[in-house]
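S.K.: need a structure here:
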Amino acid sequence: MTEYGRNPGSQWHPEDPLYGAQGYDGQQHPQQSQQPHYGQQHQQYGWDPSQNAGGPYTGDPYGQQQHPQQPADPYAGGQQQEYYGSQDAYAQQQPQHSQQQPQQHESQQHMQQQYQQQAHVPQQEQQHDTQSFEQHPDWRSEPNEEKISLFDDAPAAPVRTDDADEPREERPRGRERRGKGKKSKNKRRSGTACLLVAVVLLGVVGGGGYLAYDYWQTHFAAAPDYDGEGSGQVTVEIPKGAGLAQMGEVLQKAGVVKSVGAFTAAADKNPKGKSIQPGTYSLHKEMSGEAAVAMMTNTSNFLVIPEGRRAVQIYGMIDDKLGLPKGTTKDVAKNQAKNLGLPDWASTDSKVKDPLEGFLYPSQYSASKGTKPEDVLKQMVARAKENYAKVDLEGKAKELNLKSPYELITVASLVNAEGLTHDDFRKMARVIYNRLKPTNTVTNGKLEFDSTYNYVKNQSKLDLDPKQLRSYDDPYNTYHVKGLPPGPIGNPGEEALKAAMDPEQGDWYFFVSVDGKTTKFANTLAEHDKLVQEFNEFQKKKQQG
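M.R.: Down below sits the predicted model:
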C-alpha cells in the first residue's frame with residue numbers, strides 16, 4: 001500500500017467545479033503555504049485538508065485537493081477519534097493546526113469509501129497501518145520511499161476513551177494482542193488434542209488387549225465347562241445333518257453344556273464322539289462336555305425306531321429298553337393318549353385301533369433305564385409333529401382329494417408297508433390313488449392290500465386265501481371295505497411321506513413282487529395275472545433249489 005498522506009500534496013478549492021471528482025488534475029492554490037500535516041489518520045487513504053503548502057501530490061489516485069477554508073474536520077474529535085486516535089496525539093505536538101481542521105466534503109467521503117471498496121482492505125488492517133505511521137516519527141522529517149505492506153507487524157496506536165478529558169489507555173498492539181489470543185486458543189486446542197490422542201491410544205490399547213485375550217481364549221484356553229454328570233432331565237432334538245458345532249449349540253441352548261467348545265472338545269477326544277447320530281436324547285442339566293458325549297454315544301441309552309414299524313411293535317421295544325414288564329408301555333399309550341401331545345387334526349374315530357399310530361416317528365431316542373415310558377412316547381409324538389409341520393399336509397391332502405392330513409399319513413403308512421424299497425414308493429402311492437378314484441371299475445374302489453389284513457391280525461404273512469379275505473369283516477380289511485382304512489397301519493418315515501405327497505404319474509392298478517426284492521407294476525388285470533404266474537414259477541424253483 002502506498003503511504004498516502006505522507007508527502008505534501010496540492011490543495012483544492014471548494015468552488016472548483018471539479019471538486020471531489022476523480023481525475024482532477026490537482027492545481028495548486030497560490031495562497032496556500034506548504035506545510036505537511038500528519039495528525040489526521042490518513043482518512044481512508046484520502047488527503048489531509050489541513051495542509052496549506054506543497055506542490056502536486058502524485059500519490060493521490062483521485063487528484064483531490066483541499067482548501068484551508070473547508071469546515072472543521074469531523075475526524076478532529078468525537079466518535080471517529082475512537083477509531084483514529086492518532087490525530088490528537090499529533091495535535092498535541094502541533095497545536096497551531098488544531099484550529100485549522102476543515103470539514104471534509106461529502107463527495108470526498110464518497111470517493112474515499114469507493115476507493116476502500118476497490119482496495120478490498122479490511123478496516124482493521126487500515127487502522128493497523130495508520131498506527132504504524134504514528135509510531136515512526138522519522139516520517140515527519142524525511143519521507144520514506146518504501147511501501148508498507150498491510151501485513152507488516154506494526155505496533156498499535158493508543159485507544160481513545162469515551163471521555164476526551166480522561167487519559168487514554170494504551171491498547172495492546174494489534175499483532176501482539178491477536179497473538180496472545182491465538183496462543184491461549186492454541187493452548188486449549190493442544191490440551192483437547194492431547195486428551196483426544198490419549199483416549200484414542202487407550203481405546204487402541206484396550207481393544208488390542210481384548211483381541212489378544214479373545215484370541216488366547218479361543219485358541220489356547222480351555223472352553224468354559226461344567227463338572228460332573230449334571231442333574232434333572234432335559235430332552236433335546238439333534239436335527240438331521242447337524243455337525244458337532246451345531247449339536248453343541250443345541251445342547252448349550254438347552255442348558256446341558258456350558259459352552260459349544262466344551263462339547264466339541266470332548267467329542268474330538270472320544271473315539272465315538274464323531275459318530276453321534278441325529279435324534280432325540282434325554283440328558284441332564286449342566287453336564288460336563290465329556291459326560292454329555294459319553295451319554296450320547298452309549299448305545300445302551302438309545303432306542304432306534306425303524307420306519308414303518310407298528311405302534312404295538314414300538315411299545316414292546318420300549319418295554320425291553322427300559323426293563324419294564326411287557327404291555328406296560330401299551331397300557332400307558334392307551335390310557336394317556338390324549339396327554340402325549342397329539343395334533344388337533346388327529347382322528348378321534350372310535351374305529352381307529354390306536355390313536356398314536358402314525359405319530360411314533362421313526363428316529364433315535366434316548367431311553368435309558370429309569371426313563372418313564374410316557375416320556376419316551378412324548379419324544380416320539382413331538383418329533384412327528386415337528387416333521388409334519390415342515391410340509392403342507394393340509395394343502396396336499398386337498399390337492400389329492402383326501403379329507404384330511406390324517407388320511408395322508410394313512411396313505412404314507414400303506415406305501416411304507418407295501419413297498420420293498422424307496423424306489424417303489426412313488427409308484428405304490430399312484431396305485432393307491434388310482435384305486436380310490438370313483439371311476440375305478442377294476443377293483444371297484446377297493447385297495448385289496450394284504451398289509452391291512454395283517455395289521456388287524458398283527459402278523460406279517462397272510463393266513464387266508466383271497467376268497468376268505470374278502471369275507472373277513474373288519475374296518476381295516478381293505479379286501480372287505482372300500483377306500484382307506486380308518487387310520488394308519490404303521491409309522492411311516494420321511495421317504496414314504498414324500499411319496500404319498502408326490503406320487504409318480506401312471507395308470508397302474510396292480511403290483512407284484514416276483515422275487516421278493518423288486519416290484520413290478522401292471523395297468524390291467526391280465527398283466528397282473530402274468531406277474532402272478534411269474535411269481536409262482538419263481539417260488540417252485542426256490543423250493544426245488
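
S.K.: okay, CA-based contacts and neighbour counts for the rest of this
M.R.: Fine.

S.K.: which other helices and strands does the helix or strand harbouring Leu414 contact?
M.R.: Per DSSP states H and E: Leu414 is located in helix 405-418. Packed against helix 405-418, as judged by 3 or more C-alpha pairs under 8 Å, 6 or more residues apart in numbering; DSSP states H and E, are the following elements: helix 393-399, helix 422-435, helix 450-457, helix 494-501.

S.K.: then stretch 261-269 to CSV, C-alphas only?
M.R.: Output in CSV follows, covering the C-alpha atoms of stretch 261-269 (Å, rounded to 0.1, in the frame of the first residue of the first chain):
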residue,chain,number,x,y,z
GLY,A,261,-16.3,-75.6,22.8
ALA,A,262,-16.6,-77.9,25.9
PHE,A,263,-18.8,-80.3,23.9
THR,A,264,-16.8,-80.3,20.6
ALA,A,265,-13.5,-80.7,22.5
ALA,A,266,-14.9,-83.7,24.4
ALA,A,267,-16.3,-85.2,21.2
ASP,A,268,-12.9,-84.9,19.5
LYS,A,269,-11.3,-86.8,22.3
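
S.K.: before we move on, the earlier item: so the helix holding Leu414 versus helix 494-501, what angle?
M.R.: 120 degrees (axes from the mean of the first three to the mean of the last three C-alpha atoms, to 10 degrees).

S.K.: ranges for the strands of the chain?
M.R.: Assigned by DSSP state E, the chain shows strands spanning 231-238, 279-285, 302-304, 364-366, 510-512, 520-522.

S.K.: okay, the ones you listed in TSV with mean neighbour count, mean pLDDT and distance to Gln246 next?
M.R.: Output for the strands of the chain, formatted as TSV (neighbours: other C-alpha atoms under 10 Å; pLDDT from 0 to 100; distance: least, C-alpha to C-alpha, whole Å):
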stretch	mean neighbour count	mean pLDDT	distance to Gln246
strand 231-238	16	88	9
strand 279-285	23	88	13
strand 302-304	20	90	20
strand 364-366	23	87	18
strand 510-512	21	93	43
strand 520-522	18	95	43
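
S.K.: with Lys482 as the reference, name the closest of the ones you listed.
M.R.: Lys482 lies closest, by C-alpha to C-alpha, to one member of those: strand 510-512, at 16.2 Å.

S.K.: direction included, what does that closest one pair against?
M.R.: Using DSSP bridges, the neighbouring strands of strand 510-512 in the sheet come out as strand 520-522 (antiparallel).

S.K.: what's in contact with the strand it pairs with?
M.R.: Applying C-alpha atoms under 8 Å, 6 or more residues apart in numbering, the contact partners of strand 520-522 are 508-514, 528, 531.

S.K.: at 6 Å what do you get?
M.R.: Residues outside strand 520-522 that contact it (C-alpha atoms under 6 Å, 6 or more residues apart in numbering): 508, 510-512, 528.

S.K.: quick check: which of the helices and strands packed on helix 405-418 is nearest to Ala266?
M.R.: Across the helices and strands packed on helix 405-418, closest to Ala266 is helix 494-501 (C-alpha to C-alpha), at 31.7 Å.

S.K.: got the angle between the closest one and helix 422-435?
M.R.: Counting by the same axes, to 10 degrees, helix 494-501 lies at 30 degrees to helix 422-435.

S.K.: now do helix 494-501: everything it contacts.
M.R.: Contacts to helix 494-501, defined as C-alpha under 6 Å, 6+ apart, come from residues 412, 416, 425-426, 429.

S.K.: once you drop chain neighbours, what's closest to Pro438?
M.R.: Spatial nearest neighbour of Pro438, excluding adjacent residues (C-alpha to C-alpha, 6 or more residues apart in numbering): Gly445 at 6.5 Å.

S.K.: returning to what we had before: of all the contacts of strand 520-522, which two lie farthest apart?
M.R.: Top of the distance list for the contacts of strand 520-522 (C-alpha to C-alpha): Trp508 and Val512, 11.4 Å.

S.K.: list residues touching both of these two?
M.R.: Among the neighbours of Trp508, none is also in contact with Val512 (C-alpha under 6 Å, 6+ apart).

S.K.: turn the contacts of strand 520-522 into a markdown table, including distance to Thr519.
M.R.: Listed next are the contacts of strand 520-522 as a markdown table, based on distance: C-alpha to C-alpha, whole Å:
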| residue | distance to Thr519 |
| --- | --- |
| Trp508 | 12 |
| Phe510 | 10 |
| Phe511 | 6 |
| Val512 | 6 |
| His528 | 12 |
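
S.K.: now do Gln459: how many residues are near it, please.
M.R.: Gln459 has 11 neighbours, counted by other C-alpha atoms under 10 Å.

S.K.: an error on my part: the question was meant for Thr328.
M.R.: Neighbour tally, Thr328, other C-alpha under 10 Å: 14.

S.K.: check it and give its pLDDT.
M.R.: On pLDDT, Thr328 comes in at 97.

S.K.: again with Tyr4
M.R.: 38.

S.K.: got it, and Asp319?
M.R.: Looking at Asp319, its pLDDT reads 96.

S.K.: circling back: indicate which one of the strands of the chain is closest to Glu399.
M.R.: It is, among the strands of the chain and with distance given as C-alpha to C-alpha, strand 510-512, at 23.2 Å.

S.K.: what separates the closest residue to Gly490 other than its chain neighbours from Asp502, distance-wise?
M.R.: In this structure, Gly490 finds its nearest non-sequential neighbour in Arg310, 4.2 Å apart by C-alpha to C-alpha, 6+ apart. Distance of Arg310 to Asp502, given as C-alpha to C-alpha, to the nearest Å: 23 Å.

S.K.: then Tyr361?
M.R.: Counting by C-alpha to C-alpha, the gap from Tyr361 to Asp502 is 20 Å.

S.K.: ok, Gly341 next?
M.R.: 28 Å.

S.K.: where does the protein dip in pLDDT?
M.R.: Filtered on pLDDT under 70, the chain yields the residue ranges 1-190, 204-210, 212-221, 545.

S.K.: now do the domain split for it, please.
M.R.: In terms of domains, the chain is parsed into 1-171, 176-221, 231-297, 393-544 (source: automatic domain parsing).

S.K.: who's more crowded, Arg310 and Asp502?
M.R.: Taking other C-alpha under 10 Å, Arg310 and Asp502 do not tie; Arg310 has more neighbours (23 against 16).

S.K.: coming back round to it: quick check: which of the helices and strands packed on helix 405-418 is nearest to Asp473?
M.R.: Among the helices and strands packed on helix 405-418, helix 450-457 comes nearest to Asp473, with 10.0 Å by C-alpha to C-alpha.

S.K.: residues touching Pro239, list them.
M.R.: With contacts defined as C-alpha under 6 Å, 6+ apart, Pro239 is in contact with Pro278.

S.K.: any idea how far it lies from Lys540?
M.R.: Taking C-alpha to C-alpha as the measure, Pro239 and Lys540 are separated by 47 Å.

S.K.: next one: Ser259
M.R.: Relative to Lys540, Ser259 is positioned 63 Å away (C-alpha to C-alpha).

S.K.: more neighbours: which of these two?
M.R.: Comparing Ser259 with Lys540 by neighbour count (other C-alpha under 10 Å), the higher total belongs to Ser259, at 20 against 10.

S.K.: so who does that one touch?
M.R.: For Ser259, the contact set (C-alpha under 6 Å, 6+ apart) comprises 224, 252.

S.K.: can we see that at 10 Å?
M.R.: 223-226, 248-249, 251-253, 288-289 (C-alpha atoms under 10 Å, 6 or more residues apart in numbering).

S.K.: can you flag which of those belong to helices?
M.R.: 248-249, 251-253, 289 (DSSP state H).

S.K.: and these, which of them are buried?
M.R.: By neighbour count, with 16 or more other C-alpha atoms under 10 Å, the ones in helices among the contacts of Ser259 hold 248-249, 251-252, 289 as buried.
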